[in-house]
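Below is the sequence, then the predicted model.
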Amino acid sequence: MVHWSSLAALALAMPLVVQAIQAEQQLAVLNKKKNTLDHAHKLLSHYPLIDTHNDLPMSLAFDFKGKINNMNLTELDWGHTDITRIREGQLSGQFWSVYYDCEDTKSNQILKAMESIDVTKRMVNLYPETFQLATNTRQFQRAIRHGRVASMMGIEGGQMIDSSMVALRQFFELGVRYMTLTHNCHTPWAESCCDPNPPPFDKGLGLTEFGKKIILEMNRLGMMVDISHVAHATMHAVLDVTRAPVLFSHSSSHALCPIERNVPDSVLKRLDETDGVVMINFYNNFVQCDDKKEATLFDVADHVEYIASIAGRHRVGLGADYNGIERTPEGLEDVRKYPNLFAELIHRGWSDEDLIGLAGKNLLRVWKKVERISSEISEKELPSEERLEEYL
Ligand SMILES: *[C@@H]1O[C@H](CO)[C@@H](O)[C@H](O)[C@H]1NC(C)=O
Ligand SMILES: [Zn+2]
């Protein structure tokens, strides 16, 4: 038998019960989020997090004309990167980008590259407690053992060597450890994804005969061949000729966002041939092509998972492109936010082993292999004396 009065009381209590259940569910979600983020922080405190593309040197060298002596890099109120934010984001290794606008044909490209290299080295020297230069994997390990941010350099745009083996070798001597074969302009020897004013280049060729010699010399030197920014034809041409693993320093998936700048599945499927790795770019326009939508952390996680589904989880890493992009996805606003991405992937079922690979182990495997192949080649091969004009 039911008393109307108790039914009424129950009806009155219902919203409270529902609220309590909802609050409990929300709390569970929050706890889970907190747990995955705690897990991510813990993982990244034990295993190196390496990013292969950050354009901070571009701002320092050109926007600020190299005047960093009186700049306090501990906290900057512009860009995506400063020392405080690097520490918060648990970044332990960074390939600083040596970039200059390839369309500026009036400037001395080699000098412009020198300016970014110089400012990067001076930054490292100004903050010795924070940064340590690393030009090989042993130095990398030493830097992170000392709790410093291992600092490496990559040239973004083959135009900066002015088609010269001499310049290529001397950049290696200065410590540069990867070269992106092109930026958004063709070089006389390699085809870019996206040249706005293309000089004549045999579309679909990818690399000229001289371009192939550049790849072979990079293999001999131990400079990683970066095929971000190049045409798809160039990616294939490089895979046909390289003797060492290839690197995509900052690229996302073409299947999810079909712009030529991204990596197509046909190339992802070939990464096994040389043990290559794709470092995923966070740029809004590369991870979310739908103009009507804002890019988020979830889009970046989708690209990581998609590329991993085709190439393997041992072939992914991060090359966010911070300071080189004018917008960043929600949830990955600056270098502080890397752990959020790891938390999301933990939520999606990624194992610690997978995440350690994504964080840096995959890239280190490739870099080590590039070093090993270089020392093997150097034993039996002399530096290249090839010149561009001999191929024209
Ligand atoms: C740089 O800034 C940090 C905090 O923003 C401060 O603690 C430090 O003293 C500053 N260094 C110099 C040399 O001004
Ligand atoms: Zn770029």
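Sure, I can see it. Ligands and ions are numbered 1, 2, ... in the order given.

any idea how far ligand 1 is from the nearest residue to C289 once chain neighbours are set aside?
Nearest non-adjacent residue to C289, counting by CB to CB, 6 or more residues apart in numbering: C257, 4.2 Å away. For glycine as for every other residue, the C-beta is placed from the backbone atoms N, C-alpha and C. From C257 over to ligand 1 the distance is 38 Å, taken as CB to the nearest ligand atom, to the nearest Å.

Now C257: phi and psi?
Here is the backbone geometry of C257 (degrees, to the nearest 10): phi -150, psi 90.

Is W96 in a helix, a strand, or coil?
strand (DSSP: H, G, I helix; E, B strand; the rest coil).

that older thread, list the contacts for the residue nearest to C289?
Contacts for C257 (CB atoms under 8 Å, 6 or more residues apart in numbering) come out as F286, V287, Q288, C289, H303.

I'd like to know which of those residues are part of helices.
Under the assignment DSSP state H, the contacts of C257 contribute F286, V287, H303 to helices.

Spatially central, which residue of this structure would that be?
The centroid of the chain falls nearest to G319 when counting by CA atoms, centre = their mean (1.3 Å).

you'd agree that residue is up against Y283?
No: counting by CB atoms under 8 Å, G319 sits too far from Y283 to count as a contact (10.2 Å).

same for the helix or strand where A23 lies, what does it pack against?
Assessed by DSSP states H and E, A23 sits inside helix 4-46. Judged by 3 or more CB pairs under 8 Å, 6 or more residues apart in numbering; DSSP states H and E, helix 4-46 is in contact with helix 338-347, helix 352-356.

out of those, nearest to S163?
Of all the helices and strands packed on helix 4-46, the one in closest proximity to S163, counting by CB to CB, is helix 338-347 (36.8 Å).

will you turn the ones in helices among the contacts of C257 into CSV that also has neighbour count, pLDDT and distance to ligand 1?
As requested, these are exported to CSV (neighbours: other CB atoms under 10 Å; pLDDT from 0 to 100; distance: CB to the nearest ligand atom, whole Å):
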residue, neighbour count, pLDDT, distance to ligand 1
F286, 25, 96, 33
V287, 26, 97, 32
H303, 25, 98, 34
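
quick one: which of those is nearest S249?
Using CB to CB, F286 comes nearest to S249 of those, at 13.1 Å.

Show me which residues of the protein sit near ligand 1.
Neighbours of ligand 1 within the chain, by CB under 6 Å from any ligand atom: N72, T74, E75.

Export these to a markdown table and append columns for distance to K33, neighbour count and pLDDT.
A markdown table is the format used below for the residues of the chain next to ligand 1 (distance: CB to CB, whole Å; neighbours: other CB atoms under 10 Å; pLDDT from 0 to 100):
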| residue | distance to K33 | neighbour count | pLDDT |
| --- | --- | --- | --- |
| N72 | 34 | 10 | 98 |
| T74 | 30 | 12 | 98 |
| E75 | 27 | 9 | 98 |
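
what's the closest of these to E88?
E75 (11.2 Å).

C193 versus the closest one, what's the distance?
From E75 across to C193, the span is 36 Å (CB to CB, to the nearest Å).

from the stretch 151-300 of the chain, which residue is nearest to ligand 1?
When distances are taken as CB to the nearest ligand atom, the stretch 151-300 of the chain reaches nearest to ligand 1 at S151, 19.2 Å away.

Across the sheet, point out what pairs with that residue.
Under DSSP bridges, the beta-bridge partners of S151 are Q94, L133.

That one - how many residues pack around it?
25 (other CB atoms under 10 Å).

Might one say that it is in contact with A134?
Yes: counting by CB under 8 Å, A134 is a contact partner of S151 at 6.4 Å.

So for the two, which residues contact both of them?
In contact with both S151 and A134: G93, A143, using CB under 8 Å, 6+ apart.

Now for E389, how many residues are close by?
Applying other CB under 10 Å, I find that E389 has 8 neighbouring residues.

again with I144
That count, for I144 with other CB under 10 Å as the rule, works out to 20.

That one in helix, strand or coil?
With three-state DSSP as the basis, I144 sits in helix.

In contact with it, which residues are there?
P48, S92, G93, A150.

And what about the first one, helix, strand or coil?
Put plainly, it is P48. Once three-state DSSP is applied, P48 turns out coil.

Surely it and S92 touch.
Yes: if you go by CB under 8 Å, P48 and S92 touch, sitting 4.5 Å apart.

Any chance you could list what contacts stretch 376-386?
With contact meaning CB under 8 Å, 6+ apart, stretch 376-386 is reached by M165, R169, F210, K213, L216, E217, N219, R220, R243.

at 7 Å what do you get?
Stretch 376-386 has contacts (CB atoms under 7 Å, 6 or more residues apart in numbering) with M165, R169, F210, K213, E217, N219, R220, R243.

could you measure S92 against ligand 1, distance?
From S92 to ligand 1 the distance is 21 Å (CB to the nearest ligand atom).

what about that residue, neighbour count?
Neighbourhood size, S92 [other CB under 10 Å]: 23.

any idea how far it lies from S151?
In this view, S92 and S151 are 11 Å apart by CB to CB.
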